[in-house]
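# Build me a model:
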Amino acid sequence: MPATAETTTTLPPLTEAMTAKDLIAHERALRQEFPGGGVTLSFIDSGVFVSFRAYGRYETDKTIYGDTWPDAITAARAFLATHATVHRDNRIRAMALAVIDLTDQFGRCDRAMLARREFSGAEIDALKDAACVRASEMSANSPFSVEG
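Alright, predicted model coming up:
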């Protein structure tokens, strides 16, 4: 999820002379943009880094290095913009495969069945239509739907 106008307007500017309070504000904003995972800001002799620790099934961990905090935080935001798109595509594919499997096993697919496959209600609402289209594409245009 990209930064909202609200989070970007309330964040302190990215400068090399950022205070600890400024860094904490940016870390909290990055956490909001990376739901379901952890964010750590750290430094070593050769530079600074932002680490993303993913807790979900379809995620990967990522560490982004920079010579300065502005470099690392800017690169982290660029990663998150790409990550959100990749994550959404992966979840659509996973849901499409679940729709195909459930339809094959039970002759239908509904919200409760998808929820038992570890999809949240919000994910089902947001992705079910795209997942059904993807399921159709994956199976030679057979029609699929999610009831409920």
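
# Check the gap between the most centrally placed residue in the chain and R77 for me.
Centroid-nearest residue in the chain, with CA atoms, centre = their mean: A84, separated by 4.3 Å. Distance of A84 to R77, computed by CB to CB, to the nearest Å: 11 Å. In short, each C-beta sits where N, CA and C put it, glycine included.

# and the residue nearest to the centre of the chain, which of the three is it?
What DSSP: H, G, I helix; E, B strand; the rest coil gives for A84 is helix.

# Can you pull the residues that touch both of A84 and R77?
Each of E33 lies in contact with both A84 and R77 under the rule CB atoms under 8 Å, 6 or more residues apart in numbering.

# roughly how far apart are the residue of the chain most remote from its centre and S139?
Largest separation from the mean C-alpha position in the chain: G107, at 31.1 Å (CA atoms, centre = their mean). Distance of G107 to S139, given as CB to CB: 15 Å.

# from the chain's centre, how far out does the host helix or strand of R91 sit?
According to DSSP states H and E, R91 maps onto helix 69-106. Between the centre of helix 69-106 and the centre of its chain there are 6 Å (CA atoms, centre = their mean, to the nearest Å).

# So for it, what gets flagged as buried?
By neighbour count with 16 or more other CB atoms under 10 Å, helix 69-106 contains the buried residues 69-73, 76-77, 79-80, 83, 87, 91-96, 98-100, 102-103.
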